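S.K.: Requesting a structural model of the entry that follows:
(2 chains)
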Amino acid sequence: MIVDILQRAFTLIETMLIVYVAAINAIYLLLILLGYFVLRREREFPVETREQLLRSPLLPSIAVVAPAYNEAATCRTSVRNMLALRYPNHEVIVVNDGSKDDTLKILIEEFKLYRSGRIAFASLSHQPIRGVYESRDPIRLVVVDKENGGKADAANAGINVARADLVCIADSDSLLEHDSLLYVAKPFLEDRTTIATGGIVRVVNGCRVEGGQVTEVHAPRRLLPLFQAVEYLRAFLGGRVAFSFLNSLLIISGAFGLFDRKAVIEAGGYRQDAIGEDMELVTRLHRLWRSAHRPYRIVFVPEPVCWTEVPERMRILRSQRNRWQRGTVDSVRRHMQMLLNPRFGSVGLIAFPYFFLFEMIGPAIELLGYEMTLFGLAFGLIAPRLAVLFLIVSILFGILLSMSAVALEELTKRRYPGPADLARLFGAAILENLGFRQLLTIWRTRGLIDGLRGKKKGWGIMERRGFSAGALILAVFLISGSAFAQDVDRARQLATAGQRREALQILEQRIAVAPNDIDAMTLYGRVLSWDGDFPRARRALQWALLHDPENRDAREALARVEQWSVRQPVVRNEVMFGGTYDDIQDSDAWREAEIGVKSNLRFGAAVLRGAHARRFDLNDDQLGIELYPRVGAKGYLYLDAGYSPHARLYPRSRYGFEFFQGFGPGLEASLGYRRLNFATAANIYTGSLSKYERDWLFTARGYHSDQTNSFQVMARRYLGSADRYVGLHVGKGSTREEIRSITDLAALDSLDAAADARFGIAAPWFLQLRAGAGRERLPNGHRRHATATALLGLHF
Amino acid sequence: MRAAIWRSTLLTAAIYGAAIAIVAQLLRTGTNLGRDMSLALAFALVQMVAIILMVAALFARKQVNVIRAARSRRLVPQIQDALAMHAIGFDRSALLQQLRRQSSEDVRQTLFAVLASTRGEPRDRVSSLVPALEMLETRGQQRVIERIRDLVRLGPAERFEQIVTEIAHQNLLLRAVAAEELAPHAASFASSQIRHALQASDPQVIVAALEMLRSWRRALHVDGFLPLLVHENAGIRANAFLALPYAAADATQESIAPAIIKALDHEDTAVRAAAATAAGRMRIMLAANALGARLSDPERVVAVAAAFALAALGGPGDVLLQRAVLSPDRTAASMAFEALEKAALGRLEVA
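M.R.: Numbering: from 1, shown residues only, chains lettered A, B, ... in the order given. So this is what the prediction gives:
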């Protein structure tokens, strides 16, 4: 009965997921087609027309408002770049949002600023202004110095001080094309009802930049920015062109957007408490203008106007995507009444539902789809062939969309001149669907959860490589960077080896010369917390978080400090449940569902595990217990016992023990024995050697049984804590971490590779995944097998 | 245009969907695959074909561009020869028609390049080809620009009124381009031609003509301009003040001041601001007190324009500003202070 209900529920969810996937794909396809046909009719300015417009005094004046926070390193170049923009009547307003570095001092000296009597024209709310500066030189530069309040707050201050007809909100660290203002102003010239326009933002990584201008356009060479270049093309040339055509554009990139000053002031400016302030403002403009039945246009300009550097490191990208997703959630929640409300026309009926269904909750649904597929496979609810085919269809569709975006670029704008660049983009359009997209889905799901939980904002941390860094800067960076990395690594090694005093000394020296080194400060706080010096640890970690609010390592370490400092017993229990599916060529698959409870007791960890397996129409259960008692300062035991009442697939009983001993700097060795009581008992002897190297663990393990020997190596990268890691296992023989069943024994003489990962999805939940494939040697040839395990866990 | 975009989009999507449905049906009837499997396989197949077609189309397009460039290289000398022969009196219109059928764009570009570099009778013969070859296009924004350009090439002075009338109801982009297109010929326009446009019954035509005067930035004497400063239409009036320094450069202070003083009290913000700006640019000392009163204008755009105009006047303007700096009205005081500061630095243009 229960099985029947579960099966029906599964079928229902599966059908809904298929409908959802079909809908999202159809809409993406429609958007990209619409984008293509719109772009085909778009005509660029001929040079002659452009030059004439650039001379005309009839064009509306523009104030470029650039909020800046701690931009001392780049502010000279970026301000010069903005002043050099070609437009008949524009001024630059840099808003120094309480920078802690020398941004203001540099601007004052570089541009000969004096404290001006200029006052604000409007009264949008923002933190107090400390002073307004203008240049004595014949340049139209205004610098507003104000107390820190965030990007939206700074933009409001800039808009207040601006007097021009239009205000352009630009990131001070983005590169703008010389004629970008003219391009984005074009819709204002064509239609007086235009209230906002946004331009295409492109990826500058890989391009040649000279004097603050992109002189040679190339696709990025590194994979992560290359994927993002394709992603940007897809988002801008597909989605935004189409939504602009429908006058339902909900996002104008915060990196470059042009607004009617009076319209923005009338709408109340940027909301300082909004996470995605750019999307929130545009949505609000739609809402206000549609509510008042006033004609208006919000337009996307498909010209390349702004170049931005995208993250080249996973950590930064993850943080950025988390912020973007939270921004979407925040904007959607604030304007929820627009959803499916015919009063708001195409915005309420098309764009807003699209954002809600596909952009906001889409990642969570996609992740659910993956989970359901694994679940369905594990319990035989989906035919493996069909699941694989659906996976192929899904990936092919992703490739089709990404390649369409690249083709759209080539057919219309053609900014990437070289065939090699085009080939790289096409390659990335294929590869990004094989892992990168799924990774983004996980990060965005996390962002969705954070957004729903109301996690607050901060200035985004973007690690920039710099546009014009010459060889000298690069050399200095490399030398100082590597020296710094060595210091921190050495300290980490010493700390993990128990030499905390020495580690703290190194870190203190490092922090003395580089107080802004977040990694060093975080590690310092962490080591102090291990020593029980909680007040100093707390101060160090709070300092690190002050400078990098998105730093998860520091946040987790601080959470631990708070936990340990109240002297609560460190009891962290977890429960895990999920399934394994082993697809075996020309044979029935092994399906296993398991549940385990782990408890950290006074003497060490204990795990109680129950498993149910199915193969050859046989069902079997096994109950087991594992204990990890500590032995001495650096040693512990592994004790294992299991029992199967039916012994159809599992051994009737199972015993095992292994002794682990740590020695030297991060080395650990073990020796152990297992006995599996099948009809004929199997005796297995095992041993391992492990090495901890910074956040890495490398292990080599061997098994010797009566019939065969096997060997495997494993590399695991811990991501900030023992609970989060990714790993790779390769071996001759089983790559299962623990031999538990007849399947594992059968696989002993095989070649295998597997990857595993464990990560938190939303506290207290975490996910443990494992996937692998291999080839077994049989007396009459070889047989392939593939395995996938997904376990969902909960800390309590 | 929107309908055409929708039509193309939906048609392509329908073809894509139909292709999947047909392939799925073929797979179902041709094999023993179930409904789900055949549909999924059809999706996969059609997607792969679409990807291949897209890449092929891309490279085909690149090839077409290469062919077009080669054709232009071949045709342009023939077009130039034909035009040269036509210019000196041999009728080559039939040949040019034939060449136009092969590449209209090449003929158009070459024809106007020749027009720009010839004078006298040869030029007249070539310009007679323009209507015959249907070179004056009228579709789309760029076509309108091209048409204006062509009209200017055909004779800016004679066609001034036609151009102003044609662009009066166009958007600002087209008006700005037309103004710039006519700018090099501004000196050749007779005052009567401009006056005629300024006296049109359509206010839009008057505004377009005023915008042109402002764009040209040339000191001209335009008869009948001053009545526009008291025109009942606020848009015309504001634009007239903005064009005043160029259109009535030789007008006396006494003839302009009453209109400016009156406009400084106008209900329309744009008129007040434009009047203040004009007063500053033309240094109308008689308007100083009226400008001083505007320092407390509720619209800051007017107050700033008045403050900067006073600073531009110097003398009595400075005195009024210094008084305003000490006044209890902090907004007026700040505006006055800023204007004095900018005047001292010689930066009054940044208002």
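
S.K.: Do a quick rundown of the helices in the stretch 351-500 of chain A.
M.R.: Counting by DSSP state H, counting those that start in this stretch, the stretch 351-500 of chain A has helices at residues A:352-354, A:362-378, A:384-411, A:419-431, A:437-452, A:471-496, A:500-513.

S.K.: Mind putting those helices into CSV with distance to chain B?
M.R.: C-beta: built from backbone N, CA, C; applies to glycine. Listed next are the helices of the stretch 351-500 of chain A as CSV, based on distance: least, CB to the nearest CB, whole Å:
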stretch, distance to chain B
helix A:352-354, 16
helix A:362-378, 13
helix A:384-411, 4
helix A:419-431, 7
helix A:437-452, 16
helix A:471-496, 35
helix A:500-513, 43
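
S.K.: number of nearby residues for residue 223?
M.R.: This is for chain A. Neighbourhood size, residue A:223 [other CB atoms under 10 Å in any protein chain shown]: 15.

S.K.: should've been chain B
M.R.: Neighbourhood size, residue B:223 [other CB under 10 Å]: 13.

S.K.: just residue B:59 next, same as before
M.R.: Residue B:59 has 12 nearby residues by other CB under 10 Å.

S.K.: mind checking the SS state of it?
M.R.: Put simply, residue B:59 is helix when judged by DSSP: H, G, I helix; E, B strand; the rest coil.

S.K.: on that earlier part again, weakest of the helices of the stretch 351-500 of chain A in terms of mean pLDDT?
M.R.: Lowest mean pLDDT within the helices of the stretch 351-500 of chain A: helix A:471-496, a mean of 50.

S.K.: I'd like the helices of the stretch 351-500 of chain A as a markdown table, with mean neighbour count appended.
M.R.: Below are the helices of the stretch 351-500 of chain A laid out as a markdown table (neighbours: other CB atoms under 10 Å in any protein chain shown):
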| stretch | mean neighbour count |
| --- | --- |
| helix A:352-354 | 20 |
| helix A:362-378 | 20 |
| helix A:384-411 | 20 |
| helix A:419-431 | 18 |
| helix A:437-452 | 20 |
| helix A:471-496 | 14 |
| helix A:500-513 | 17 |
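
S.K.: Among these, which comes closest to residue A:57?
M.R.: helix A:384-411 (35.2 Å; CB to CB).

S.K.: Who are the packing partners of the closest one?
M.R.: helix A:2-41, helix A:223-233, helix A:362-378, helix A:419-431, helix B:35-87 (3 or more CB pairs under 8 Å, 6 or more residues apart in numbering or on different chains; DSSP states H and E).

S.K.: so where does residue A:302 fall, helix or strand?
M.R.: Here residue A:302 sits within strand A:297-308, counting by DSSP states H and E.

S.K.: Residues in contact with the helix or strand following that strand: which ones?
M.R.: Note on strand A:297-308: by DSSP H and E, the next helix or strand toward the C-terminus is helix A:314-334. When contacts are defined by CB atoms under 8 Å, 6 or more residues apart in numbering or on different chains, helix A:314-334 is touched by residues A:224, A:228, A:250, A:271, A:274-280, A:283, A:310-311, A:339, A:352, A:355-356, A:359-360, A:363, A:440, A:443-444, A:446-448, A:450-452, A:455, A:457, A:460-463, A:550.

S.K.: Could I have the ChimeraX command that selects the buried members from those?
M.R.: In ChimeraX, a selection of the buried entries from these looks like this (16 or more other CB atoms under 10 Å in any protein chain shown):
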select /A:224,228,250,271,274,275,276,277,278,279,280,283,310,311,352,355,356,359,360,363,440,443,444,446,447,448,450,451,452,457,460,461,550
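
S.K.: Quick one: neighbours of residue B:11, just the number.
M.R.: With other CB under 10 Å as criterion, residue B:11 counts 12.

S.K.: That one in helix, strand or coil?
M.R.: Going by three-state DSSP: residue B:11 is helix.

S.K.: wait, what's in contact with it?
M.R.: Listed by CB under 8 Å, 6+ apart, residue B:11 has no contact partners.

S.K.: Would you check how far apart it and residue A:730 are?
M.R.: To residue A:730, residue B:11 is 52 Å away according to CB to CB, to the nearest Å.

S.K.: Of all the helices and strands packed on helix A:384-411, which one is nearest residue A:603?
M.R.: Of all the helices and strands packed on helix A:384-411, helix A:362-378 sits nearest to residue A:603, with 34.3 Å by CB to CB.
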